[in-house]
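K.L.:
Sequence first, predicted coordinates after that:
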Amino acid sequence: MMKFRFRRQGNDPQREKIKQDLFAFNKTVEHGFPNQPSAVAYDPKLQLMAIGTKSGAVKVYGAPGVEFTSFHKEPATVMQLHFLHGQGRLVSLLDDNILHLWEINPRQGGSNLEELCSFTLPGRPGLESTSATRVTVILLKRTCDQLCLGTEGGGVHFLDLPDLTLLDSQSLFPDEILRSVPEDYKFGKSLGPVESLQEHPQCAGKMLIGYSRGLVVLWDHATRKVENVFLGIQQLESLCWERSGRTLVSSHSDGGYMVWPVGSFCTQQPTASSIPYGPFPCKAINKILWRTTEAGPPLVLFSGGMPRASYGDRHCVTVLQDKTQVTLDFTSRVIDFFTVHCVDEFDDPSALVVLLEEELVAIDLQTPGWPAIPSPYLAPLHSSAITCSYHVSNVPVKLWERVVAAGRRQNTPSPCMKWPVDGGKDLAPEPKHNGLLLTGHEDGTVRFWDASGVSLKPLYKLSTANIFQTDCDHGDSLTQPEEEWPPFRKVGCFDPYSDDPRLGIQKICLCKYSGKLVVAGTAGQVLVMDLSEDESDHMINIATVDLLQDREGFTWKGHDRLTPNTGPVSFPAGFQPVLLVQCVPPAAVTAVTLHAEWSLIAFGTSHGFGLFDYQRRSPVLARCTLHPNDSLAMEGPLSRVKSLKKSLRQSFRRIRKSRVSGKKRMIASSPTSKVQEANAQLAEQAGPHDVEVTPVQRRIEPRSADDSLSGVVRCLCFADTYLRDAGHHGPTMWAGTNSGSVYAYALEVPSQEKFSEQSVEAVLGKEIQLMHRAPVVAIAVLDGRGNPLPEPYEVSRDLAKAPDMQGSHSVLIASEEQFKVFTLPKVSAKTKFKLTAHEGCRVRKVALASFVSVSTEEYCENGLVCLTNLGDIHVFSVPLLRPQVRYDCIRKEDISGIASCVFTKTGQGFYLISPSEFARFSLSARVITEPRCTVEVERVRDTPALSAHNSVVLSDEGQAGRSPGLDSPNSSGDVTLDTTGDITVEDVKDFLMSVDEAENNLRNISEEDGRSPGILIS
């Protein structure tokens, strides 16, 4: 007898309306520093800055919260950017020699920057090759009505703005220039490419044209004649006018610069010549600026020019004024720089802004000493490589103020100017709640970021390196005594070096109510920290926990543990360590959790997990999770190359084996399969047309118990629930491993009255083994109403509703293949959803989030948010595990992006799109963090296709069709599940899947996209 399970076809309109009010996917903003910047521009009228990248992105920045982003259609490198001052327009030149014109315009959907038109410079038929018309330099006239293009062939062409029309009759070619050059200077050679074009500061019709060979001419465009000739003998790099127009400065490839007078004589000679870092051979001065001051001598600023032999590898910008000279030393390559200065009689520059390959640095030129200006955005997140992330929602005001105060003490406020790029106006409302993003780094630091709004602002930096004895500081070799030459000053915070890779931060956990912080690292170190407002000089309590429990046959072959400093250690105000728990063996910590109300921390590695009472400084529990054949876990992360290859080979062998066995089974059972197909066709013809058969599930092969790294602890959590019997609830601890094992311990935590008399005890209450042995990604306990349990201190401080302790509790276990809810204390299966069987993907990240309706704040639902190895995000209802929505978020090839993703409790998320950038997205229809800003522009000339806008407002407030208010079935309590961010062997397997598997997965996903969200529980 055949069994058919049917479900209704179609969706409930009312439920679909509710889902529209709860869920909506938006990629909102990108935080951090643009990856691989290649060009920069500044608009002094609008006070906006634009940065172009090698991937074709164009990002415009103003005051904090004022951001515009767009992309070229082709991912080509942005070579140059130029603002049409005051118009909100921008010209970009790509490495494919195409010019693009952009404009800031409002458009439904929230786009910031739109491309208007493009232009490619045509060649002269029969006279010029394609390379000869390649644009090398762009000059925008002060009137912003004409664009001058210098080319590789030595020609200068003119375009009409804003429609980018070529003025062919005005083009200037080298043969016209050569007529005015002395015969002894020609030598039968060409002038070379145009290296620089500079408009005369007083006479708009005149401009300097500099050629790479060294020749510079002053060209009068009206009379089409050469007024002055400057015969340089060194290869030209750049030109700059002095404001009066009576002097010009040229920089050259030999590391020197020359000052030229502009007089009545046709041929001019330099009045001054200098090689600042000579006399030995120097690198070229790539760019030079000459800025006049009312109070004294001019400022000369240039990049490069360092001695080749001694400091040829340094990345420097020199600021020179009379006898004062400072060599700004950066740790990454200088892309470009500009000054913020006046437009009156004198320049009087107020700030120097330097775009580097890895960061943006601003220097205050008005304050003595020329200090750096703190940046409110574009902070280099990757100043040391990011190793983990942790988000804290709804941070209490008290903790927020203490963290901000600690950060201010680190950065002693200097009387420097405010951030110079402050154009536009931020219209976004003040965030209702403060959000913290914590990032762990390779050098042992934890950085705190203000993630409440559009701009990701640095708040506080915590360092753990001073706790341990590490190698000598790499910066010692970079510091120079004051009397030595050149006068280097290290500037910027990008530091690609690490004293010791064992310092790397792997896991972070913060209690936002007590201020307790737990930081765990690569060498098995677990630090418990308190937030203090005063400096301290104290010794750190050290404890050791043996996770192997004297198990025989295992020898650790990895790195040694870090050696703590002996004696008192000085700590500044902020988070200060009070306890160091060292795991043995010193493997990287893979999971950590904290319960400040019980004074307990739990931590796990690839060998097992431990429980520690940090108040009494005593271990409570240590459990080894190693399988007898799990030898890979003993090699450590620094010696896994051969083992990884071996594991991959074993994985591919298992895949081939399963395919062969599957084909054999198919051949052997072919008559039966034909009968089943016939029966299915008959059932389809005879069955009603308003029902749908449940889709066939994929066959999932069980994983071997002796898989490598099966003992890795993937998740840990604390919960006050029913574990021993249904009549008594109490503290519990849960742990999930890579082999699908779940351990639940009942804890005896003494009350405050008996705190000094009794100690914490742990007794194993339950042990669950998942059938397919899929790694356990997350565990969460739900109360009697199916809501997540509140965080520690939330109920005792009346910050959340008390959980329902009358009804039956349940535990949600998320593995890489399925989600399953078990009743407590019997641990019987209640409901499940087989994600891998239905969707053909595996779980990578999981979190519980609260989704509030856009119609009314009184209605909210808890959802299980899941990120898969294919980069898509699923949201399921809790506790019924019914699919709600599915969105494509991250490319499946972006393994590091998927591994770095972190969810918030309000339905938002962050993931790394490059080493220096977080992309932010929202799954909530109500909680959306995106730029909303206005820019005042003046556009005198416009193309017919574009209208002038005096005020450009960017927003996306479209919330059409609000549903009526509903009573919320859930409380506001929610919890974010801790998941490991490490890239596992499974990640690599997913990326290296065969073409057949990829096509099957895509086919199955496309077939099941139209299904209703209902599921069947078997």
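P.N.:
That came through fine.

K.L.:
where does the chain have low pLDDT?
P.N.:
The chain contains residues with pLDDT under 70 at 1-10, 107-111, 124-130, 187-189, 412-415, 471-483, 629-708, 755-756, 940-1018.

K.L.:
how about stretch 570-582: buried residues?
P.N.:
Phe571, Pro572, Ala573, Gly574, Phe575, Gln576, Pro577, Val578, Leu579, Leu580, Val581, Gln582 (16 or more other Cβ atoms under 10 Å). (Glycine included, C-beta is placed from N, CA and C.)

K.L.:
quick one: which of the residues you listed sit in strands?
P.N.:
Phe571, Gly574, Phe575, Gln576, Pro577, Val578, Leu579, Leu580, Val581, Gln582 (DSSP state E).

K.L.:
Need the max-distance pair from these.
P.N.:
Using Cβ to Cβ, the pair of these lying farthest apart is Gly574 and Gln582, separated by 23.0 Å.

K.L.:
mind listing the helices for this protein?
P.N.:
13-22, 174-178, 183-186, 308-311, 397-410, 641-668, 670-686, 835-839, 895-900, 985-991, 995-1008 (DSSP state H).

K.L.:
follow-up on the earlier one: closest to Gly610 out of the buried residues of stretch 570-582?
P.N.:
Using Cβ to Cβ, these come closest to Gly610 at Val581, 7.6 Å.

K.L.:
Distance-wise, check Ala814 relative to Ser916.
P.N.:
The gap separating Ala814 from Ser916 is 31 Å, by Cβ to Cβ, to the nearest Å.

K.L.:
So the two - more neighbours on which side?
P.N.:
In this view Ala814 and Ser916 are compared by other Cβ atoms under 10 Å, and Ala814 has more residues nearby, 31 against 24.

K.L.:
Can you tell me the strand partners of the longest strand seen in the chain and which way each runs?
P.N.:
Across the chain, the strand with the greatest residue count (assigned by DSSP E) is strand 713-725. Paired neighbours of strand 713-725 in the sheet (DSSP bridges): strand 728-737 (antiparallel).

K.L.:
buried stuff in the strand it pairs with?
P.N.:
Going by 16+ other Cβ under 10 Å, strand 728-737 has these buried residues: His729, Pro731, Thr732, Met733, Trp734, Ala735, Gly736, Thr737.

K.L.:
Please name the nearest non-neighbouring residue to the fourth one.
P.N.:
Setting aside the residues directly before and after it, Met733 is nearest to Tyr745 in space (Cβ to Cβ, 6 or more residues apart in numbering), at 4.7 Å.

K.L.:
For burial, what's the neighbour tally of the one you found?
P.N.:
24.

K.L.:
repeat for Tyr887
P.N.:
Neighbour tally, Tyr887, other Cβ under 10 Å: 16.

K.L.:
who's in contact with it?
P.N.:
Phe25, Asp872, Ile873, Leu923 (Cβ atoms under 8 Å, 6 or more residues apart in numbering).

K.L.:
Next: Ser828.
P.N.:
Phe822.

K.L.:
Check the gap between it and Ser808 for me.
P.N.:
Distance from Ser828 to Ser808, by Cβ to Cβ: 10 Å.

K.L.:
Quickly list the domain ranges of this structure.
P.N.:
Per the record, the chain has its domains at 407-469+485-626, 718-833, 845-935, by the TED database.

K.L.:
and among these, the most buried is which?
P.N.:
domain 845-935 (a mean of 21; mean count of other Cβ atoms under 10 Å).

K.L.:
about what we covered before: wait, which of the domains of the chain is closest to Ile233?
P.N.:
domain 407-469+485-626 (25.6 Å).

K.L.:
can you tell me the distance between the two ends of that closest one?
P.N.:
This stretch, domain 407-469+485-626, spans 42 Å end to end (Cα to Cα, to the nearest Å).

K.L.:
what's the answer for stretch 181-192, then?
P.N.:
Start-to-end, stretch 181-192 (Cα to Cα) is 14 Å.

K.L.:
And that stretch, what's buried?
P.N.:
Val181, Tyr185, Leu191, Gly192.

K.L.:
Just the ones of these in strands?
P.N.:
Assignment to strands by DSSP E places none of the buried residues of stretch 181-192 there.

K.L.:
For Val217, which residues are in contact?
P.N.:
Val217 makes contact with Ile177, Ser180, Leu208, Ile209, Val226, Asn228, Val229, Phe230 under the criterion Cβ under 8 Å, 6+ apart.

K.L.:
go on, Gly256?
P.N.:
So Gly256 contacts Gln234, Ser273, Ser274, Ile275, Pro276, Gly278, Cys282, Ile285, Gly305 (Cβ under 8 Å, 6+ apart).

K.L.:
Show me the two of those residues that sit farthest apart.
P.N.:
Gln234 and Pro276 (14.5 Å).

K.L.:
returning to what we had before: let me know the closest of the buried residues of stretch 181-192 to Arg409.
P.N.:
Gly192 (55.0 Å).

K.L.:
Quick check: chain neighbours aside, which residue is closest to that closest one?
P.N.:
Ser212 (3.7 Å).

K.L.:
What of Thr293?
P.N.:
In space, Thr293 is closest to Asp348, 5.5 Å off (Cβ to Cβ, 6+ apart).

K.L.:
That neighbour touches Cys342, doesn't it?
P.N.:
Yes. If you go by Cβ atoms under 8 Å, Asp348 and Cys342 touch, sitting 4.9 Å apart.

K.L.:
Run a quick check on Leu215 versus Asn228, I expect a contact.
P.N.:
No. Leu215 is beyond contact range of Asn228, at 11.4 Å (criterion: Cβ under 8 Å).

K.L.:
what sits against Leu580?
P.N.:
Neighbours of Leu580 in contact, by Cβ under 8 Å, 6+ apart: Ile467, Gln525, Val526, Leu527, Val528, Ile540, Asn541, Ile542, Ala543, Pro564.

K.L.:
cutoff 6 Å now
P.N.:
Leu527, Ile540, Ile542 (Cβ atoms under 6 Å, 6 or more residues apart in numbering).

K.L.:
Kindly indicate which of the buried residues of stretch 181-192 lies nearest Asp443.
P.N.:
For the buried residues of stretch 181-192, the nearest to Asp443 is Gly192 (45.7 Å; Cβ to Cβ).

K.L.:
Return the residues in contact with the closest one.
P.N.:
Applying Cβ under 6 Å, 6+ apart, the residues near Gly192 are Tyr211, Ser212, Arg213.

K.L.:
and what of Ala925?
P.N.:
With contacts defined as Cβ under 6 Å, 6+ apart, the neighbours of Ala925 are Asp21, Leu22, Ala24, Val854.

K.L.:
Most neighbours of all those, which one?
P.N.:
Each of these was scored by neighbour count (other Cβ under 10 Å); the top score is that of Leu22, with 25 neighbours.

K.L.:
Identify the nearest residue to that one in space, disregarding sequence-adjacent positions?
P.N.:
Phe851 (4.4 Å).

K.L.:
got it, and Gly153?
P.N.:
Nearest to Gly153 is Ala132, by Cβ to Cβ, 6+ apart, at 3.0 Å.

K.L.:
what does Trp419 give?
P.N.:
Pro376 (5.4 Å).

K.L.:
Would you confirm that the one you found contacts Gly65?
P.N.:
No. Using Cβ atoms under 6 Å, Pro376 is not in contact with Gly65, being 9.3 Å away.
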